[in-house]
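1. Sequence plus predicted model, see below.
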Amino acid sequence: MATSTTTVAPKKTVSPRHALLEELIGIAVKQAGDQFLDFANRLAGALIDATQGDASQMQQRIKAGNLLHNGNAAFQHLATATLEKSLRKEIALLSPAVKAKPRKEVEALSLVPYEEMDTKVALGSVSKPFETLYADALQTLNVRLAFLLDRDILRGNQNPFRPEVFLSALQQAWLDFDPSPESAGLLQPLLKPGMFIELGPMLEALNLTLQRKGVLPGSVDGYKSRKADRASPAAPPRVRANQAVLAQQLRQFFGAAEPQEDIDLTIPDLPNVPMAPDSAWVQGAAQGFHGAMHNESVQRLSRVAAKRPLLSYLAQIQKTVPAGLAGGGHGHGIGASLPGGASAEDGAAALAGMLHGYGEAGAGNVFHLPTIKQNLPQGSLSRTDESTIDLLSAIFDTVFRDQNISQEIRDLIRFLQIPVLKAALVDKNFFFQEAHPARRLIDLLSRMGWEQRKGPDDPLFQAMQRSVDRVGRDYDHELSVFAEAVNELEASIKAEEAAAATAIAEPIAAALKQERMAEASKSAKSAVELRIGTGEVIAVVEAFLENKWVSVLTIAYSVEQDKPGAVDNATRTMDDLIWSVKPKLNADDRKQLIAKLPGLLSTLNKWLDVIKWQDADRLQFFAELAECHASIVRAPLEISPERQVEIAMEAAQRATERRLELQAKAAAEPPPPPPDDDATIEVDSLARGMWLGFTLEDGSQRKVKLAWISPLRTLYIFSTAARQEAFSMSGEQLAKQFRDHTAQLIRADGVVSVALSQVLEQGAVNDEVMDPSETAVA
């Protein structure tokens with residue numbers, strides 16, 4: 001029994017990222033190690049109490065259980081050290097410097113031992129229930145780790161903290177603890193949720209640590225609620241490149257406008273940063289994951305003080321504009337004056353009267369910001385202030401011209417012009433960061449405007465009205481009130497999406513069942529291919545396994561969670577069948593074959609009854625199988641060593657020819673698309689709530705909303721603007737549509753990003769372009 005091992009010494013910390021990875025390894029090892037002792041005791045009891053199998057198997061389990069019970073401390077130490085080594089190995093595989101070596105031709109023809117096949121298949125089967133149980137936490141951790149490691153995407157089988165790593169480390173520790181071959185397969189049939197260490201608290205601790213270090217700050221629940229209405233933080237390279245280009249254009253734009261003003265133009269090019277619910281917005285962290293800047297509030301207060309006259313003037317306009325126009329109430333004048341010497345109260349009243357005149361002509365057609373800019377006293381605006389108004393005018397103009405947004409929502413957004421202007425004047429992060437509360441409110445309202453609302457009585461529309469009204473009533477603290485309005489609106493959107501999911505519960509249930517069967521079929525085919533790929537299986541059994549036993553294994557995998565042991569039984573039966581048709585060159589092997597045949601044939605028939613294979617082909621298969629077994633038993637025992645070598649050589653030659661045949665067949669098939677091509681990355685980046693366009697046969701485009709994504713991201717359900725189910729599609733089909741350019745993401749970026757990109761690319765941010773007569777919506 002092995003009771004000691006050499007713990008891998010942690011590498012020297014060379015960067016904040018490395019330090020954080022070391023901290024994550026420490027958390028995982030400690031949380032798991034603290035549970036291994038209790039788990040070893042429970043596992044020992046399960047081994048001793050198990051009653052399945054014959055007397056020799058029960059005796060072996062009792063022996064292993066007693067060994068584990070007496071040496072539980074040694075097993076805890078061994079399992080902890082093995083886990084740490086496995087985690088470091090998994091994280092090392094994610095290093096950009098690690099590249100897969102090309103497979104040599106000799107390696108392609110090498111045989112895979114059955115033990116390795118069994119371990120791979122068994123681990124995949126055992127880990128499935130854990131992956132399902134912790135799906136949400138693992139998915140969130142995938143995104144955070146991808147962000148930390150600067151990867152476009154981190155797949156589930158690349159997560160170093162996935163359940164399979166812990167299960168594999170435990171199995172390796174068990175093999176080191178009890179080297180006897182008879183004990184190798186005793187643990188895995190017992191491992192299931194409830195009979196293993198608890199991974200949930202560990203995953204939660206890992207996510208919380210990453211959150212506190214600024215890796216996608218905000219609670220896990222807040223992140224999951226926001227990923228429904230925006231792109232995944234692990235955006236495709238194209239999207240990230242667009243964000244970087246836009247940020248650089250904005251820096252140049254504001255720098256050229258007024259470089260002497262104290263504006264922070266070094267905002268990092270990070271993906272979307274969510275807000276923590278029921279709290280103020282948090283600025284995205286810079287490199288090193290040290291959290292938000294502590295002097296942000298000081299900088300903002302300084303800018304507010306410098307722009308106090310202008311902000312007071314805008315607040316006066318906001319108060320005096322009639323409620324029907326501005327979404328707020330009436331108020332008394334603020335006796336402030338502008339730099340030009342004009343009275344803010346008089347100027348605001350005059351401008352409010354002008355806006356009221358526009359309102360009588362048609363409230364939905366009014367475009368306020370250019371009018372405000374034209375009527376301010378000359379010299380009251382700096383160049384940066386003028387540029388800010390021009391950019392905001394372009395943003396609102398984009399919204400008002402977008403016919404995909406319902407008119408009611410556009411009218412609501414119109415009421416946000418003055419509050420958003422005040423927020424952007426004191427905080428240029430509005431233009432740089434998609435998570436800015438004021439910017440997020442515009443994007444949320446615009447996105448929800450794509451859906452067909454029932455009218456004023458619609459609960460979500462009422463929530464939008466309340467959010468806009470909340471912002472319109474506040475005249476001094478827009479940033480905090482924007483955050484409160486966004487949190488309230490997002491809570492309403494979440495409730496609405498839950499109701500929408502209930503409305504399509506039936507197709508979702510069907511999709512979940514389809515996904516389970518698809519995963520079961522994939523695992524079944526993999527298990528069969530591992531065995532027949534060696535070329536050593538005779539033709540009649542190989543055809544049987546491919547055509548019938550794949551269906552048996554599919555059923556076994558699909559019911560494994562409800563009926564533990566089904567996969568093990570079906571897999572063991574398949575292996576016994578393969579062994580039974582191999583030559584038996586000594587009397588002991590033949591006696592063992594004769595003893596096993598009744599049970600083997602009985603189990604085969606029971607499984608074949610499950611898949612309802614009842615035709616004449618079944619009788620034909622068993623007839624050929626019986627003939628094969630009879631020929632094996634009747635073969636002469638007195639075979640010279642030379643003849644035994646000849647038989648072995650003939651079997652090896654047939655196996656090699658069969659492998660070459662299978663390889664030629666595989667080479668003739670079209671190669672599958674690479675796993676990380678642009679289309680696949682685009683599909684993996686989709687999030688619930690996005691709108692996609694599908695090109696129909698007549699050339700027209702059908703716009704649908706992504707209403708639901710399956711846990712394993714293999715199935716997608718789309719709905720119409722009226723929130724009715726349109727159709728479902730597999731992930732492979734959707735990737736093919738993107739590859740063929742018959743599907744496209746209609747709007748990956750928010751309306752603010754779209755407007756900023758357009759106006760900066762055109763280089764037309766000036767008063768002439770923003771003339772009210774030209775930008776009014778017809």
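-> Now that the structure is in, tell me what you want to look at.
2. residues contacting D588?
-> If a contact means CB atoms under 8 Å, 6 or more residues apart in numbering, then D588 has no contacts. (Each C-beta comes from the backbone N, C-alpha and C, glycine too.)
3. Please apply the same query to the one 4 residues further on.
-> Listed by CB under 8 Å, 6+ apart, Q592 has no contact partners.
4. what's around G194, how many residues?
-> Per other CB atoms under 10 Å, the neighbour tally for G194 reads 9.
5. same deal with T656?
-> Neighbours of T656 (other CB under 10 Å): 14.
6. so what's the backbone phi/psi at L706?
-> Main-chain dihedrals, L706, degrees, to the nearest 10: phi -80, psi 110.
7. Can you verify my assumption that it contacts T720?
-> No - look at L706 against T720 with CB atoms under 8 Å: they stay out of range, at 11.9 Å.
8. Settle it for me: which of those two has more neighbours?
-> For L706 versus T720, the count of surrounding residues by other CB under 10 Å is larger for L706: 19 against 16.
9. Mind pulling up the pLDDT for the residue lying closest to the more buried one once chain neighbours are set aside?
-> Leaving aside its sequence neighbours, L706 sits nearest to M690 (CB to CB, 6 or more residues apart in numbering; 4.8 Å). M690 is assigned a pLDDT of 84 by the prediction.
10. now do N242
-> 62.
11. same thing with V541?
-> In this model, V541 carries a pLDDT of 91.
12. Who are the contact partners of it?
-> V541 neighbours (CB under 8 Å, 6+ apart): L577, I578, V581, L625.
13. For the longest helix along the chain, name the packing helices and strands.
-> Secondary structure of the chain per DSSP state H: the longest helix is helix 16-49. If contacts are counted by 3 or more CB pairs under 8 Å, 6 or more residues apart in numbering; DSSP states H and E, helix 16-49 sits against helix 55-70, helix 72-93, helix 135-148, helix 200-212.
14. pLDDT weak spots in the stretch 451-600 of the chain?
-> Low-confidence segments of the stretch 451-600 of the chain (pLDDT under 70): 452-455, 474-479, 534.
15. try 90
-> Within the stretch 451-600 of the chain, the segments meeting pLDDT under 90 span 451-516, 518-520, 522-523, 526-527, 529-539, 542, 560-565, 582-590.
16. Show me the domain layout of the chain.
-> Domain ranges of the chain: 16-226, 247-268+307-503, 507-668, 678-747, per automatic domain parsing.
17. Out of those domains, which gets nearest to V759?
-> With CB to CB, the closest approach to V759 among those belongs to domain 247-268+307-503: 4.0 Å.
18. Okay, now the closest one: how far is its last residue from its first?
-> In domain 247-268+307-503, first residue to last residue: 41 Å (CA to CA, to the nearest Å).
19. Can you get me a residue count around the closest residue to N72 other than its chain neighbours?
-> Take N72 and drop its neighbours on the chain: the residue closest to it by CB to CB, 6+ apart is A40, 4.1 Å away. Using other CB under 10 Å, the number of residues around A40 comes to 21.
20. mind listing what A40 touches?
-> So A40 contacts L68, H69, N72, F75, Q76, A79 (CB under 8 Å, 6+ apart).
21. Go through these and say which is closest to N159.
-> Distances from N159 to those, taken by CB to CB, are shortest for A79, at 20.0 Å.
22. where's the residue lying closest to that closest one once chain neighbours are set aside, which helix or strand?
-> Setting aside the residues directly before and after it, A79 is nearest to A173 in space (CB to CB, 6+ apart), at 4.1 Å. According to DSSP states H and E, A173 maps onto helix 163-177.
23. if I look at L686, how far off is Q744?
-> L686 is 12 Å from Q744, where distance means CB to CB, to the nearest Å.
24. before we move on, back to that, mind putting the helices and strands packed on helix 16-49 in a markdown table, mean neighbour count included?
-> Formatted as a markdown table, those follow (neighbours: other CB atoms under 10 Å):
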| stretch | mean neighbour count |
| --- | --- |
| helix 55-70 | 16 |
| helix 72-93 | 19 |
| helix 135-148 | 21 |
| helix 200-212 | 18 |
